[in-house]
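> Next one to model:
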Amino acid sequence: MANDRRPRGNPTDARPRRSTIAAALKDRETPLRVIFENIADVVYLLDVEADGYRFVAVNPPFLEATGLALDQVIGRRVDEVIPQPSLGIVLEHYARALANGQPEYWEEVSAYPAGKRFGEVMVAPVRDPSGRFTQLVGTVHDVTQRRVAEERLHRMAHHDNLTGLPNRLQFFASMEKERQAATEQGRCIALLYLDLDRFKLVNDARGHSIGDELLRQVADRILRCTRVRDTVGRFGGDEFGIIAPIQHQPDDAARLARKLLEELQRPYVLDGTETIVTASIGIAVCPMDACDAEELVQFADTAMYHAKQAGRNGYRFYTPSMNEWLQERRDLEAALKRGVERQEFVLHYQPQMDLVTGRWTGVEALLRWQRPGRELVFPNHFVPALEETGLIVPVGRWIIDAACRQLAEWQAAGLHDLTLSVNLSARQVVLEQRHEYDHHHVIADEDDGLCEYIERALRTHRVEAGSLELELTETMLMADVEKTAALLGRLKGLGVRILVDDFGTGYSSLAYLKRFPIDALKIDKAFVGDLSTDLEDRAITRAIINLAHSLNLGVIAEGVEHLDQLAFLRAEHCDQAQGYVLSRPMPVAELTRMLHQGGPPMGAHARSGRRAHDPRPLA
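Residues are numbered from 1 along each chain as shown. Just a heads-up that it's a prediction; the model follows:
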C-alpha cells in the first residue's frame, strides 16, 4: 500500500543528511553493526522523504523473511518492497502517534512480512544533530509461537478438546448473544438438551477410548443434522446442547429432534464392531419457557429426563409440571441411598412349576423395598433409579449373597432339587467386563468383579453352584457379543446356570445363541399374556419353545395368569411356568411352608383363570 504521508510537524523538501546510525552500520567493525547483523529480530532503517519512507538499511533476518536481495530493498519505498499493507499501516499510525507527542510506537501485525506469521512491530524516530526527525528505526519481533499458543489456550478454554465443539462456557455465551438477537427480531430460540442412552455402559464395558470415539461420531452426526445458523455444544460427558433459532412454531424444534433421533440410532462402527446407541432429547423454548440461559438449560435438562423415563430414544418439550417430578426424583434417589445404607431391601420369591410333574422346581428372587412409612415398594418404581445412580451394584451384591444364604437354608432343610434364580443388572455385567479389562481396578469402590463375589458367596454359604441361576436379558447379551461370551464362560466355570430373561423382546439370532453357554430361555410375559386370544403370540411362543428344545435348552414361561394359558404351554411341551395362576411372589417364610407341600395350591383365582388379587407388577 502506498504511503505518501509524512509525519506532521516534520516537513522536508530535500533528502536529509545521513545519520550517525547509518554511518555506523556501514562500518563492519562497529559494535552497532555486529548487533545489527546478528540480532534475531528483523531490523530496518528508513529515510523520511517527501514521497514516503525509503529503506536505508536492513539486517539479514529482514532479507530472509521477505525472500528479497539487498539491492531489491535499499533505496526503495516501503510500499514498493512490501506490498502487504501491514507495515505501511503501522507507519501511518506512528505518524499520528508522533504528532500526539508519543516518542515511539509498536503494533502487532498479522502479515509480517510475507503473511501467515505474526510480528510485533516497533517504530522509533531518529533525529539529526539539529533535532530534526529524519529517519525511522524499526524492529519486527516474531510472536507467531506466542500467538499460536494464545489461540490454542483460548480454544481450549472455549471448546471441547474431544469433539472440537463449543464447551459449556462458550455455549452459554453464544446462547446469550442469540437470545439478545432473537429478542430484537421478535423470534424464538429452541434449546435442545441431548443425552445418549446407556452411554456409560458402552464406556465402562469397552473402555474410554471406544467411548471417546463414539462421542466424536455422535458430534459429527449432530452437526450433519443441524443448520449453519444453529449452535452445537458439548456440556460434558455424553451431554450435548443445540441452540436452534426458530419462528413461533415449536414444530420446528420437534422436526429437528426427530431428525437427530433418526440419525443417532443408526449403528456406529467402533473398533470394527457395530454398536447401537440411542438418545433422549429435552426441549425448552425462549421466551415461552424462560429467557435466562441457565434456567433454559435446566428446563431442557428436566424435559430430557422425562424423555428417558418415557422409554428413551424420544423427545419431550418442557412443561412446568416437570419440576415437581424432578424434585420427586431427587427425593427418591436420596431415599434410595439411605435405604442402601440402612439395609431396607428384602427379597420375595416366586416359585416355578414343572409342567410335567406339577412340582416346584425353582424359585425366582424378586427385590422389594421396605421404605419407612410406606407400603412395600415394587421394583419398577425404584430399580431404574438404582441403575442410573449406580446403587444397583451394592444392592446386586447383597441380592446374590442373600440368595445364596437362602439356598443354603433350603438345602439344609432337604430341598436339594430346588434352583434359585437371580436377575443380573446391566451395570453389574458392565463392571465385570471392565474389571477384566482393567486389572488395576480403576473402579476404586469395586474390589472384586462379578465372578469373584459370586464364587465367594457360593463358598461362604456352602451352596451347590448348580442350584444358582443367573438371568440376563437379550439386550445385555448383545451389547458386546465377544465380551459377553467370555463373561458367560467364566460364570459357567463356577458351575452356575445361565438363563436368558425376557426372551423374544430383543434381537438375538440363532447364531449368537449357539455361541453363549446358556441353560434355558424365559419367554417374556408380553407373549404369554394374550395366549388365549392372540394367534401371533401363540405362534411366537410355540416357536420359542421349539427353538429352545432344538438347542437342548430348557424353556420357562413367566407371567402365566390363566389356566388356559397354562394348558397351552403344557400342550406345547414348555418345561416350566411361573405366574399368579400358580403363586404370587411371597416372603421367604410363607414360601418355605408352601415348598414343603410339594406343589402349587390351586386356589380359586387359578381355577377361574382370573389374575391374583395383587395387580402390581412382579418384576
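> Just the pLDDT at the spatially most central residue of the chain, thanks.
Nearest residue to the geometric centre of the chain (C-alpha atoms, centre = their mean): residue 238, 1.6 Å. On the pLDDT scale, residue 238 is placed at 94.
> That one contacts residue 201, doesn't it?
No - with contacts counted by C-beta atoms under 8 Å, residue 238 stays clear of residue 201, the gap being 11.0 Å. All C-beta atoms are positioned from the backbone trio N, CA, C, and that covers glycine.
> correct me, but residue 491 touches residue 454?
Yes - here residue 491 reaches residue 454: they are 7.2 Å apart, a contact under C-beta under 8 Å.
> joint contacts of the two?
residue 470 (C-beta atoms under 8 Å, 6 or more residues apart in numbering).
> Neighbour count: these two, which is higher?
residue 454 (26 against 23; other C-beta atoms under 10 Å).
> who does the strand or helix carrying that one touch, helix- and strand-wise?
Assessed by DSSP states H and E, residue 454 sits inside helix 450-461. Other elements packing on helix 450-461 under the criterion 3 or more C-beta pairs under 8 Å, 6 or more residues apart in numbering; DSSP states H and E are helix 392-412, helix 426-437, strand 468-473, helix 481-493.
> Give the next helix or strand downstream of the first one.
Spelled out, that is helix 392-412. Tracing the chain C-terminally past helix 392-412 and defining elements by DSSP H and E, one meets strand 419-423 next.
> Run the angle between that following strand and helix 392-412 for me.
Angle between the axes of strand 419-423 and helix 392-412 is 180 degrees (criterion: axes from the mean of the first three to the mean of the last three C-alpha atoms, to 10 degrees).
> tell me the mean pLDDT for strand 419-423?
95.
> Just the C-alphas of that strand, formatted as PDB.
Taking Å, rounded to 0.1, in the frame of the first residue of the first chain, the C-alpha atoms of strand 419-423 are listed here in PDB:
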ATOM      1  CA  THR A 419     -32.900 -73.900  41.900                       C
ATOM      2  CA  LEU A 420     -33.000 -70.200  42.700                       C
ATOM      3  CA  SER A 421     -32.600 -67.500  40.000                       C
ATOM      4  CA  VAL A 422     -31.300 -64.000  40.400                       C
ATOM      5  CA  ASN A 423     -31.500 -61.200  37.900                       C
END
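> ok now it, how far from the chain's centre?
33 Å (C-alpha atoms, centre = their mean, to the nearest Å).
> counting contacts, what elements does it pack onto?
strand 360-369, helix 392-412, strand 468-473, strand 497-503.
> Please convert those to a markdown table, extending it with distance to residue 118 and mean pLDDT.
Output for these, formatted as a markdown table (distance: least, C-beta to C-beta, whole Å; pLDDT from 0 to 100):
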| stretch | distance to residue 118 | mean pLDDT |
| --- | --- | --- |
| strand 360-369 | 64 | 95 |
| helix 392-412 | 53 | 93 |
| strand 468-473 | 59 | 92 |
| strand 497-503 | 63 | 90 |
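> between the ones you listed, which gets nearest to residue 272?
strand 468-473 (24.0 Å; C-beta to C-beta).
> What angle do helix 450-461 and the closest one make with each other?
150 degrees.
> what element comes up after strand 468-473 heading to the C-terminus?
Going down the chain from strand 468-473, the next helix or strand is helix 474-478, by DSSP H and E.
> And that next one, what does it pack against?
helix 426-437, helix 481-493, strand 497-503.
> is it possible to export these to a markdown table including distance to residue 181?
As requested, these are exported to a markdown table (distance: least, C-beta to C-beta, whole Å):
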| stretch | distance to residue 181 |
| --- | --- |
| helix 426-437 | 44 |
| helix 481-493 | 49 |
| strand 497-503 | 50 |
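> quick one, which of those is nearest to residue 466?
When the helices and strands packed on helix 474-478 are compared by C-beta to C-beta, strand 497-503 sits nearest residue 466, at 6.5 Å.
> Would you check the distance separating the closest one from the middle of the chain?
29 Å.
> For it, enumerate the helices and strands it packs against.
Using 3+ C-beta pairs under 8 Å, 6+ apart, strand 497-503 sits against strand 419-423, strand 468-473, helix 474-478, helix 481-493, strand 520-523.
> what's the angle from that strand to helix 481-493?
130 degrees.
> Within its sheet, name the partner strands of strand 497-503 and how each one runs.
strand 468-473 (parallel), strand 520-523 (parallel) (DSSP bridges).
> which sections of the stretch 201-350 of the chain are below the confidence cut-off?
Residue ranges of the stretch 201-350 of the chain with pLDDT under 70: 248.
> Would you agree residue 514 is in contact with residue 552?
No - with contact defined as C-beta under 8 Å, residue 514 does not reach residue 552; the gap is 10.6 Å.
> Over to residue 243: give its phi and psi.
Main-chain torsions, residue 243, degrees, to the nearest 10: phi -100, psi 120.
> Could you pull up the contacting residues of it?
171, 174-175, 178, 189-191, 230-231, 233.
> excluding its backbone neighbours, what's nearest residue 188?
Residue nearest to residue 188 in three dimensions, not counting chain neighbours: residue 246, with 5.2 Å by C-beta to C-beta, 6 or more residues apart in numbering.
> ok, the one you found - how many residues close by?
So residue 246, with other C-beta under 10 Å, has 20 neighbours.
> Now do the host helix or strand of residue 209: everything it contacts.
Using DSSP H and E, residue 209 sits in helix 208-225. When contacts are defined by C-beta under 8 Å, 6+ apart, helix 208-225 is touched by residues 162-165, 194, 196, 199, 202-203, 232, 234, 238, 240, 242, 256, 259-260, 263-264, 266, 268, 270-271, 275, 277, 279.
> got the contact list for the residue nearest to the centre of the chain?
Taking C-beta under 8 Å, 6+ apart, one finds 195-196, 199-200, 215, 218 in contact with residue 238.
> Most widely separated two among the residues you listed?
200 and 218 (14.1 Å).
> Those two: who's more crowded?
Neighbour tally, residue 200 and residue 218, criterion other C-beta under 10 Å: the higher count belongs to residue 218, 23 against 18.
> if I look at the more buried one, how far off is residue 577?
Counting by C-beta to C-beta, to the nearest Å, the separation of residue 218 from residue 577 is 43 Å.
> do the same with residue 226
In terms of C-beta to C-beta, residue 226 sits 51 Å off from residue 577.
> So which of the two has more stuff around it?
Neighbour count, other C-beta under 10 Å: between residue 226 and residue 577, residue 577 has more, with 24 against 18.
> wait, is residue 463 part of a strand?
No - read with DSSP: H, G, I helix; E, B strand; the rest coil, residue 463 is coil and lies in no strand.
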